[in-house]
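**Student:** The following comprises the amino acid sequence and a computationally predicted model.
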Amino acid sequence: MEHGSDSEDDKPLIFKRSNTSVKQNQAKPDVKKSSVQKPDGKSGRPISDVRSTNGHDSNVQKGKTVPSTKGSPVVSPLASPKASVSSSKASQVKPPVGSTKASTSGADQSRQNSQQNRTAIVKAERPSGIPKEEPDSGSEDSDDDKPLNSRLPVGGSKGSISEVNRRPSSSGPAALAKDLGIKEEDSEDDIPLSHKFKQKSNAGESSNAYDSDEGKPFASKPRQNGTNVKDNVKNPSTAINKRPSAEVKCSGQSPVKKAKHTAASTPVNGKKVTVKAEPKKEADDSDDDNATISQRVKKPATPISKASDKKKSAVSVSSSLNKVNKNSKKITKSTQFSKSLKVPPGSGEGQKWTTLVHNGVIFPPPYKPHGVKMLYKGKPVDLTPEQEEVATMIAVMQDTEYMTKPVFRENVMNDWKKILGRNHIIKNLDDCDFTPIYEWHQTEKEKKKQMSAEEKKAVKEEKLKQEEKYMWAVVDGVKEKVGNFRVEPPGLFRGRGEHPKMGKLKKRISPSDITINIGKDAPIPECPIPGESWKEVRHDNTVTWLAYWNDPINGKEFKYVFLAASSSLKGQSDKEKYEKARKLKGYIEGIRTAYTKDFSSKDVTKRQIAVATYLIDKLALRAGNEKDDDEADTVGCCTLKVENVEPSPPNILKLDFLGKDSIRYQNEVEVEIPVFKAIQQFRSGKKGSDNLFDKLDTSKLNAHLKELMPGLSAKVFRTYNASITLDEMLNKETKGGDVSQKVAVYQHANKEVAIICNHQRSVSKSHSTQMMRLDEKINELKNLIEELKTDLSRAKKGKPPLKGSDGKTKRNMNPEAIEKKIAQTNVKIEKMERDKETKEDLKTVALGTSKINYLDPRITVAWCKRYEVPIEKMFNKSLLAKFAWAMDVEPSFRF
DNA sequence: ATTCGGACTTGCCGTAAACACC
DNA sequence: GGTGTTTACGGCAAGTCCGAAT
């Protein structure tokens, strides 16, 4: 499309473009790797996707799997098609999750099942030197394209942002300010969030522009650590061979073959490498940043009453250069990071703010008894409001899978009994019939849905009015949005996976449970519930929370109220996170060399640290803290059990475990021989449930990482690998074309990152229906083509067209017109098929998580500037606000 | 050397809101 | 204008990590 134009205006942008482009092609050449699927017998579900390992360089490899191939029995029909097509992506086809679910009934279940099953197969590898080859480069993945297109529209709305932000602010803020005693002043308020800082200062970053080289380091070069091996994952069976070849290039090390490769390839220098000097640039950058920030403080313009001391808000203007910013510009205004104080050397250590004003939290409304009676052994039962409240919570869960879980049922009953009292008639859940309450609830829902637009609007406004004062806080004179100012309402705990506490009653939180943190000179928020008072009021400026209460399920844990993601405080730490990851780029080569060397260390602990670090780096695994028995049984790297990692000679590791949120991680990876041997060794003599890394825990691992690079911890690898992968893929695959094509490239990269990080989502309930619907439409079009072809040949002979399939007569068209129509229809079919493929491809992949948490927004912003893609196409309103700090990055920025 | 408390980030999901399509 | 979809957001659970206490 017209991107060009788009950019320019703010507004409308592009909406419709989506289709226009028909993209061209999608050629799909490649097919490179095939993936393999793993049969995965265990779960029975076939999993097909392949996932790659981290990408260091190459990143992704993706192969796509072809369903058909896969052994798994259940292949979904759908999948097959794509296989052929998409070369580019590795699509992962997932097995039909559906099958599983079918068996189970509840919706919930389905999701759960699906999740657990998902697997990823990795494929792997990164050849050492070469970054992936991209299969598609040329072709661009068609698959992806589509999706994007479709999505585009959304983001695009124009100036929405500004508006939005402002809106609230204007009204809200002002009010708040008053309450708080602040003055409203200028515009600042208007744009609370928007702070964008100007970062010009960051210019430093720009320097990076070329870092890429550095980045590449490993990529381009053979990875030192053995990574080169590429991990190809593959499936054991199949793929093994293939991959290697693919990788190829580099050194051709096929993993299999020689372990040595690695070694060979990588020259290890003597000792651990350790840190190299810091890469200068990075260091600089960071410094700059800090500086910047502080500098930004510039004018105190608005005086905030209290705030004052330090910085006040400055107004910044956005510099924005490009169009990209345009929209945003308005929004942005300025503000600096308040946080400047933070760590920066000079400032007080640990201080997060100087003045903090807010209105506390808002509580859910008290329970309103409905009087609908549930049945116990078939008879209506009278319940007190407190008892009825719990009964209603249970009733509402009727159609979820939780109600089929014994643990849930038992926990609910135990807690409910405490409220029912010792001698209540209701003794057990099996004899309870909550249908009346359930139906009442459904009716209420329906009523709400049926309200007229005006009524809904009125309700909404009423709610907004009540909540307005709680939505904002003033930090160091800058109005900031508060994140979760609503106290969590009572309910039944919905733990994920097989959580031992699922079903327990989360009691209602009252003011006496809440500790408020606020500036010393700020007025203490009035307790919203008459007659009650806060548990405590603190004035701790070394923390960022505004309030907290103890978690009713696990009294030792807290629930905090923080500022929203768009706040300077959060933005600053977000930026620091990415700077740390960029810093790792300068150390990664040395770190890889070092751990590779330690794969064969005589010291078991060292060997375990090396292997664990390798897995974290290569597979983007989480650290894996120890967990209590009263939590779901999930693991991370340090807590992997022997049974979670199965070595398959000569050098394949089959990983299968439940990670965070009980999401299953299933992958087969080719590793370097020393790693493979070390794993076998760690497993020997242990039971399946024993820890693989018995000499390790996250604190030891992180302590070790800190010796390699200041501030380094396990999670930094995830950030680093995710961001570097995006940066490299964008750089390598963006070839021009219209905006939608570029967006497709981005989505493709985003998808690879999501796969690396194992970010999954459950298949939507209507997925299969939607796919069928698409098939129907495609078939209709195909039939149309046949009809047109007939008409065409008749037209050439001067005969009129036959009646259409619908029985209607068609008007006469000349051959040229018919040919044109055929061509148009074909284009339409192609587009639909690509859409379908993409949809199937992404059905279990969640792109959002990585975008929000792992991909340095500056990569995206700079790329948008370079390729003239409106940033609104990539970031929605929330993300634009959250990443305000990244908007002024130089177009040449590289991670 | 560990455990534990505490603070903050990460992650999936459900639902509301915004669109796309008859 | 209703309705099926798609996207945006909020909710809240579940991790990570660090430093102090034991």
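**Tutor:** On my side now, so go ahead.

**Student:** gap between residue A:435 and DNA strand C?
**Tutor:** 25 Å (CB to the nearest atom of the strand, to the nearest Å). (C-beta placed from N, C-alpha, C; glycine too.)

**Student:** Please look at that residue and residue A:375 and confirm they touch.
**Tutor:** Yes: contact criterion CB atoms under 8 Å: residue A:435 and residue A:375 qualify, at 7.3 Å.

**Student:** wait, isn't residue A:886 in contact with residue A:855?
**Tutor:** No: taking CB under 8 Å as the definition, residue A:886 is not a contact partner of residue A:855, at 10.5 Å.

**Student:** if you skip the residues just before and after it, what's nearest to residue A:413?
**Tutor:** Spatial nearest neighbour of residue A:413, chain neighbours left out: residue A:429 (5.0 Å); criterion: CB to CB, 6 or more residues apart in numbering.

**Student:** Now for that neighbour, how many residues are close by?
**Tutor:** By other CB atoms under 10 Å, 15 other residues sit near residue A:429.

**Student:** can you give me phi and psi for it?
**Tutor:** phi -60, psi -30 (degrees, to the nearest 10).

**Student:** need the contact list for it.
**Tutor:** By CB atoms under 8 Å, 6 or more residues apart in numbering, the contact list for residue A:429 reads A:394, A:409, A:412-413.

**Student:** roughly how far apart are it and residue A:390?
**Tutor:** Distance of residue A:429 to residue A:390, given as CB to CB, to the nearest Å: 12 Å.

**Student:** and for the two, which residues touch both?
**Tutor:** residue A:412.

**Student:** what about residue A:558, neighbour count?
**Tutor:** For residue A:558, using other CB under 10 Å, the count is 13.

**Student:** Now it: closest residue in space, sequence neighbours ignored.
**Tutor:** residue A:548 (4.6 Å).

**Student:** packing partners for the helix or strand containing the one you found?
**Tutor:** Using DSSP states H and E, residue A:548 falls within strand A:547-550. The elements that strand A:547-550 packs onto, with contact taken as 3 or more CB pairs under 8 Å, 6 or more residues apart in numbering; DSSP states H and E, are strand A:514-517, strand A:558-561.

**Student:** got the contact list for the residue nearest to residue A:558?
**Tutor:** So residue A:548 contacts A:514-515, A:517, A:558-561 (CB under 8 Å, 6+ apart).

**Student:** List the beta-bridge partners for it.
**Tutor:** residue A:515, residue A:560 (DSSP bridges).

**Student:** pretty sure residue A:362 is in contact with residue A:484, am I right?
**Tutor:** No: using CB under 8 Å, residue A:362 is not in contact with residue A:484, being 10.4 Å away.

**Student:** Now do residue A:418 against DNA strand C, distance only.
**Tutor:** From residue A:418 to DNA strand C the distance is 19 Å (CB to the nearest atom of the strand).

**Student:** Backbone dihedrals for that residue, both of them.
**Tutor:** phi -60, psi -30.

**Student:** what about it, how many neighbours?
**Tutor:** Going by other CB under 10 Å, the residues that sit close to residue A:418 add up to 11.

**Student:** So for it, what's the pLDDT?
**Tutor:** As predicted, residue A:418 sits at a pLDDT of 96.

**Student:** Next: residue A:113.
**Tutor:** 42.

**Student:** do the same with residue A:775
**Tutor:** 85.

**Student:** hang on, it packs against residue A:836?
**Tutor:** Yes: with contact defined as CB under 8 Å, residue A:775 and residue A:836 form a contacting pair (7.4 Å).

**Student:** who has more neighbours, those two?
**Tutor:** Between residue A:775 and residue A:836, residue A:836 has the larger neighbour count (other CB under 10 Å), namely 22 against 16.

**Student:** hmm, the helix or strand where that one lies touching DNA strand B?
**Tutor:** Applying DSSP H and E as the criterion places residue A:836 in helix A:815-841. No: against DNA strand B, helix A:815-841 shows no contacts by CB under 7 Å from any atom of the strand, the least distance being 9.5 Å.

**Student:** same thing with stretch A:508-516?
**Tutor:** No: figure legend: stretch A:508-516 not in contact with DNA strand B (CB under 7 Å from any atom of the strand); closest approach 8.3 Å.

**Student:** May I see the buried residues of that stretch?
**Tutor:** A:508-511, A:513-516 (16 or more other CB atoms under 10 Å).

**Student:** so what's residue A:745 scoring on pLDDT?
**Tutor:** 93.

**Student:** correct me, but it touches residue A:726?
**Tutor:** No: proximity of residue A:745 to residue A:726 does not meet the contact threshold set by CB under 8 Å, at 10.7 Å.

**Student:** Which neighbours do these two have in common?
**Tutor:** Counting by CB under 8 Å, 6+ apart, nothing touches both residue A:745 and residue A:726.

**Student:** low-confidence ranges in chain A?
**Tutor:** For chain A, the stretches with pLDDT under 70 are A:1-348, A:804-808.

**Student:** tell me the domain ranges of chain A?
**Tutor:** A:569-719, A:767-841 (automatic domain parsing).

**Student:** what about the longest one, how long is it end to end?
**Tutor:** The reference is to domain A:569-719. In domain A:569-719, first residue to last residue: 20 Å (CA to CA, to the nearest Å).

**Student:** Please apply the same query to the shortest one.
**Tutor:** Between the opening and closing residues of domain A:767-841 lies a distance of 12 Å (CA to CA).

**Student:** That domain near DNA strand C anywhere?
**Tutor:** Yes: judged by CB under 7 Å from any atom of the strand, domain A:767-841 and DNA strand C are in contact via A:769-770, A:773, A:839.

**Student:** between those, which is nearest residue A:476?
**Tutor:** residue A:839 (46.3 Å; CB to CB).

**Student:** contacting residues for the closest one?
**Tutor:** A:147, A:767, A:770-771, A:774.

**Student:** if we can go back for a sec, taking the contacts of residue A:548 together, which two end up most distant?
**Tutor:** The span of these, defined through CB to CB, is set by A:517 and A:559 at 13.5 Å.

**Student:** which one of those two has more residues nearby?
**Tutor:** Comparing residue A:517 with residue A:559 by neighbour count (other CB under 10 Å), the higher total belongs to residue A:517, at 21 against 18.

**Student:** how about the helices and strands packed on strand A:547-550 in a markdown table, adding distance to residue A:756?
**Tutor:** Formatted as a markdown table, the helices and strands packed on strand A:547-550 follow (distance: least, CB to CB, whole Å):
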| stretch | distance to residue A:756 |
| --- | --- |
| strand A:514-517 | 37 |
| strand A:558-561 | 30 |
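
**Student:** right, and those - which one's nearest residue A:458?
**Tutor:** strand A:558-561 (28.0 Å).

**Student:** Pull the residues that contact the helix or strand just after the helix holding residue A:836.
**Tutor:** Next in sequence after helix A:815-841, counting helices and strands by DSSP H and E, comes helix A:848-853. With contact meaning CB under 8 Å, 6+ apart, helix A:848-853 is reached by A:719, A:722, A:750, A:753-754, A:757, A:759, A:879, A:882.

**Student:** closest to residue A:488 among these?
**Tutor:** In terms of CB to CB, no member of the contacts of helix A:848-853 lies closer to residue A:488 than residue A:882, at 22.5 Å.

**Student:** list the contacts for the closest one?
**Tutor:** A:565-566, A:570-571, A:574, A:852, A:857.

**Student:** Kindly give a single ChimeraX line that selects the buried subset of these.
**Tutor:** A single ChimeraX command selects the buried members of those (16+ other CB under 10 Å):
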select /A:565,566,570,571,574,852,857
